[in-house]
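K.L.:
Below: sequence and its predicted model.
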Amino acid sequence: MGRNEEELTQDGIPYEIGKASYKEIARGQIIGEDAAELIHIGQAVMANKGTIDYFVKTVFNYPTLAECYKTAAFDGINRLG
């Protein structure tokens with residue numbers, strides 16, 4: 001969904017990635033499958049022209065796999081320095 005890293009690089013658009021691992025998230029440690037639980041959240045944010053700030057400012061239920069978005073957002077911001 002959305003543009004991939006190759007397209008962004010080819011078009012000269014600066015970007016950074018953020019990663020989250022199931023092992024960092026309580027729900028992922030409990031049951032580390034069902035990634036489809038996550039897709040609709042990212043899709044909704046992108047469809048509404050949301051930014052990384054949405055993930056930083058949103059409180060996600062605990063424990064859920066959706067916490068991965070917040071973890072990945074902070075990881076991406078930290079990579080920017």
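P.N.:
Alright, I've got the coordinates. Values in this document were obtained by computation on a predicted structure and should not be read as measured data. Numbering: from 1, shown residues only.

K.L.:
Residue ranges in this structure under the pLDDT threshold?
P.N.:
Scanning the chain for pLDDT under 70 picks out 1, 32-33.

K.L.:
Does the residue nearest to the spatial centre of the chain lie in a helix or a strand, and which?
P.N.:
Centroid check for the chain by Cα atoms, centre = their mean gives residue 69 as the closest residue, at 3.5 Å. When elements are assigned from DSSP states H and E, residue 69 belongs to helix 67-80.

K.L.:
Just the buried positions in that helix, please.
P.N.:
Neighbour counts over helix 67-80 (16 or more other Cβ atoms under 10 Å) mark 67, 68, 69, 70, 71, 72, 73, 75, 76 as buried. In short, each C-beta sits where N, CA and C put it, glycine included.

K.L.:
what's the closest of these to residue 51?
P.N.:
residue 73 (9.5 Å; Cβ to Cβ).

K.L.:
ok, now how distant is the nearest residue to the closest one once chain neighbours are set aside from residue 16?
P.N.:
Leaving aside its chain neighbours, residue 73 sits nearest to residue 55 (3.7 Å; criterion: Cβ to Cβ, 6 or more residues apart in numbering). Between residue 55 and residue 16 the distance, using Cβ to Cβ, to the nearest Å, works out to 14 Å.

K.L.:
So which of those two has more stuff around it?
P.N.:
More neighbours surround residue 55 than the other of residue 55 and residue 16, with 24 against 12 (other Cβ atoms under 10 Å).

K.L.:
shouldn't the more buried one be in contact with residue 77?
P.N.:
No - counting by Cβ atoms under 8 Å, residue 55 sits too far from residue 77 to count as a contact (9.7 Å).

K.L.:
Pull the distance from stretch 6-21 to the chain's centre.
P.N.:
Centroid separation for stretch 6-21 versus its chain: 13 Å, with Cα atoms, centre = their mean, to the nearest Å.

K.L.:
got the end-to-end distance for it?
P.N.:
22 Å (Cα to Cα, to the nearest Å).
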